[in-house]
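Q: Could you look at this predicted model? Sequence included:
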Amino acid sequence: MNKTEISTDRLNLRLIELSDLDSIHNLHSLPETDEFNALGIPKNIEETKSIIEPWIVENQLPKIKNYTFAIDIKSNGKFIGLFGLKLGNKKYKGAEIWYKIHSDHWKKGYATESLNAVIKFGFEALKLHRIEAGCAVNNIGSIKVLEKAGMIREGRGRLILPLKSGWSDNFKYSILETDERKSN
């Protein structure tokens, strides 16, 4: 099994395992984390299991192209969220990131800390050129996180996200290996 881990001052990001199923199901079931997410709230834990099983299989490949990390607090090992890094076509040396933090842990800097660590991992360990992210235009929390980490807003996709509240525009962000990176 691949042992990729990313560590920060307060957090450990480790590849998810089936033992994370209950924590991930709880995270996916929160109305707060679902508001700007196109996944939707799962009907039951079996639906969550069917979503994460391919992620776990991918994490076990010799060359991972779609990393899915659990975010744990270092001091107590508590699961607080997920972070994804999906590699694109090798020629373009790019990836797309996404994250979801349990609402009990919002506004504590954990998303920004995780994002900075994954950006560093992407550019230094994976030798990427570009990392992208998308964000619903009304998701003020994620906009702040992306911009704090030094990601640049590049554009707006019109009515691209099928949210529970209806179709939403999406901001596109990116950071290049040559861009200034911000710290927490």
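A: Sure thing, it's come through. Numbering: from 1, shown residues only.
Q: which residues in this protein form strands?
A: 5-7, 11-15, 66-73, 79-87, 94-101, 130-136, 152-163, 166-176 (DSSP state E).
Q: Kindly calculate the angle that the second one makes with strand 66-73.
A: Orientation note: strand 11-15 sits at an angle of 150 degrees relative to strand 66-73 (axes from the mean of the first three to the mean of the last three C-alpha atoms, to 10 degrees).
Q: From residue 137, how far off is residue 177?
A: According to C-beta to C-beta, to the nearest Å, residue 177 and residue 137 sit 27 Å apart. All C-beta spots, glycine's among them, are computed from the backbone N, C-alpha and C.
Q: So what touches stretch 170-184?
A: With contact meaning C-beta atoms under 8 Å, 6 or more residues apart in numbering, stretch 170-184 is reached by 8-9, 109, 112-113, 116, 119-120, 123, 128-137, 143, 146-157, 160-161.
Q: what does the average pLDDT come to for it?
A: For stretch 170-184, the mean per-residue pLDDT is 88.
Q: before we move on, the earlier item: okay, the strands of the chain in a markdown table with distance to residue 53 next?
A: A markdown table is the format used below for the strands of the chain (distance: least, C-beta to C-beta, whole Å):
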| stretch | distance to residue 53 |
| --- | --- |
| strand 5-7 | 21 |
| strand 11-15 | 14 |
| strand 66-73 | 11 |
| strand 79-87 | 14 |
| strand 94-101 | 18 |
| strand 130-136 | 24 |
| strand 152-163 | 23 |
| strand 166-176 | 27 |
